[in-house]
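Engineer: The following comprises the amino acid sequence and a computationally predicted model.
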Amino acid sequence: MMWWKKKSLYLLLLSLGLATLIWVQMGMFLTHLIFGTQLKMNFFKFCLSLFMEDSFYYFLVIFLVNTLLTYILLITIIKIGRQVIVSKKFTRRLLECKDIELTSLIRSTYGHNENLIVVKSDSVLAFTMGYIKPTIVLSTRLIQLLENDELRAVIEHETFHKNNHDPLKVFILEIIAQSLWFIPLTQWCQQNYSIISEILADEYAVQKMRSEIELSTALIKLIKYHVSFKDTPSLVHFSGGSINYRLQQLVEPNEVIPIKLTIRNIFISIHVLLFFIGMVLLTTA
């Protein structure tokens with residue numbers, strides 16, 4: 001479990017580091033454009049300095065740079081705004097379907113406080129949502145489907161996501177991956193963090209249950225009831241992606257699952273970053 005934790009931390013830090021590098025440079029350039037602040041070590045300003053002022057290519061580069069900055073800003077703002085709106089609607093819809101009696105019973109039976117609710121639904125639902133105070137959501141159909149120990153294993157799985165604030169981390173990685181699409185490493189980080197977070201949650205549940213059986217049978221039962229969410233905020237669903245990885249890890253817990261990075265992704269990302277860093281360093285020469 002320690003190896004997976006380190007891997008997830010490395011992925012998170014790598015993605016945040018790349019985003020910080022780009023966003024800081026972008027903020028510096030926007031400050032230069034708006035307030036006329038003189039800049040040192042700025043990639044975007046250096047791109048403009050390569051061309052003669054008032055030339056066709058100079059204005060073309062200005063247009064391309066401004067288009068890129070506008071795209072990154074709009075994607076980030078739209079993504080955050082949409083998540084806020086959808087999250088409020090989704091939360092309101094869940095609260096309208098809340099089964100008060102069953103919620104109280106499950107909380108008392110499995111030792112959870114207000115961070116767990118049961119909703120009336122014919123779909124098999126088990127997920128964690130919420131960025132500041134994550135909440136575990138279970139459906140009445142799920143409770144009917146699973147045995148007591150299987151349900152406990154699912155709750156322990158989601159408890160890990162709640163305690164680890166995975167919905168917030170996944171959301172941040174999604175924003176970075178979408179806004180910095182020209183650096184494939186960010187997409188790789190987002191996809192593999194999601195896989196590893198599920199494996200970590202499974203291992204946490206196995207430790208709590210002291211057996212892989214309950215979690216495995218629960219996972220197998222829920223596979224055929226997989227629900228595809230549409231128009232929902234970022235959430236972490238028990239029977240979501242990475243099923244094959246999770247089953248393999250449950251069957252062979254000592255085997256290390258290789259998280260592969262394609263040569264194409266490495267090639268593009270390294271060249272984009274080398275170009276970007278090289279331009280920044282040249283501004284100080």
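Structural biologist: Received it, and whenever you're ready, just let me know what you need. Numbering: from 1, shown residues only.
Engineer: From now on I want contacts and neighbour counts done on CA atoms only, so please keep to that.
Structural biologist: Will do.
Engineer: Dihedrals phi and psi, S121?
Structural biologist: In terms of degrees, to the nearest 10, the main-chain angles of S121 are phi -160, psi 140.
Engineer: can you give me the helices for the protein?
Structural biologist: 2-35, 43-49, 56-96, 100-110, 140-145, 148-163, 166-179, 184-209, 213-223, 243-251, 263-282 (DSSP state H).
Engineer: Quick one: closest of those helices to K133.
Structural biologist: Smallest distance to K133 across the helices of the chain (C-alpha to C-alpha): 8.1 Å, for helix 148-163.
Engineer: Show me what that closest one packs onto, helices and strands only.
Structural biologist: Counting by 3 or more C-alpha pairs under 8 Å, 6 or more residues apart in numbering; DSSP states H and E, the packing neighbours recorded for helix 148-163 are strand 126-129, strand 135-139, helix 184-209, helix 213-223.
Engineer: One more pass at 7 Å, please.
Structural biologist: strand 126-129, helix 184-209, helix 213-223 (3 or more C-alpha pairs under 7 Å, 6 or more residues apart in numbering; DSSP states H and E).
Engineer: so how far is it from its chain's centroid?
Structural biologist: 20 Å (C-alpha atoms, centre = their mean, to the nearest Å).
Engineer: And that helix, what's buried?
Structural biologist: Neighbour-count burial for helix 148-163 flags 150-162 (criterion: 16 or more other C-alpha atoms under 10 Å).
Engineer: Closest one of the residues you listed to R210?
Structural biologist: A153 (10.0 Å).
Engineer: ok, now which ones touch that closest one?
Structural biologist: A205, M209, E214, L215 (C-alpha atoms under 7 Å, 6 or more residues apart in numbering).
Engineer: What is the neighbour count of the third one?
Structural biologist: Looking back up the chat, that one is E214. 21 (other C-alpha atoms under 10 Å).
Engineer: What distance do you get for the nearest residue to it once chain neighbours are set aside to S179?
Structural biologist: Closest residue in space to E214, ignoring its immediate chain neighbours: E150 at 4.7 Å, by C-alpha to C-alpha, 6 or more residues apart in numbering. Using C-alpha to C-alpha, to the nearest Å, E150 is found at 39 Å from S179.
Engineer: Equivalent analysis for S121, please.
Structural biologist: 35 Å.
Engineer: quick one, which of those two is more surrounded?
Structural biologist: Neighbour totals were compared for S121 and S179, and S179 leads with 21 against 16 (other C-alpha under 10 Å).
Engineer: Would you confirm that that one contacts I77?
Structural biologist: No: using C-alpha atoms under 7 Å, S179 is not in contact with I77; the gap is 10.1 Å.
Engineer: With pLDDT as added columns, please give the buried residues of helix 148-163 in JSON lines.
Structural biologist: Formatted as JSON lines, the buried residues of helix 148-163 follow (pLDDT from 0 to 100):
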{"residue": "E150", "pLDDT": "94"}
{"residue": "L151", "pLDDT": "95"}
{"residue": "R152", "pLDDT": "95"}
{"residue": "A153", "pLDDT": "94"}
{"residue": "V154", "pLDDT": "94"}
{"residue": "I155", "pLDDT": "95"}
{"residue": "E156", "pLDDT": "95"}
{"residue": "H157", "pLDDT": "93"}
{"residue": "E158", "pLDDT": "94"}
{"residue": "T159", "pLDDT": "95"}
{"residue": "F160", "pLDDT": "95"}
{"residue": "H161", "pLDDT": "94"}
{"residue": "K162", "pLDDT": "94"}
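Engineer: Columns distance to L12 on top of the residues you listed, output as TSV?
Structural biologist: Converted to TSV, the buried residues of helix 148-163 look like this (distance: C-alpha to C-alpha, whole Å):
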residue	distance to L12
E150	31
L151	30
R152	29
A153	26
V154	25
I155	25
E156	23
H157	20
E158	20
T159	20
F160	17
H161	15
K162	17
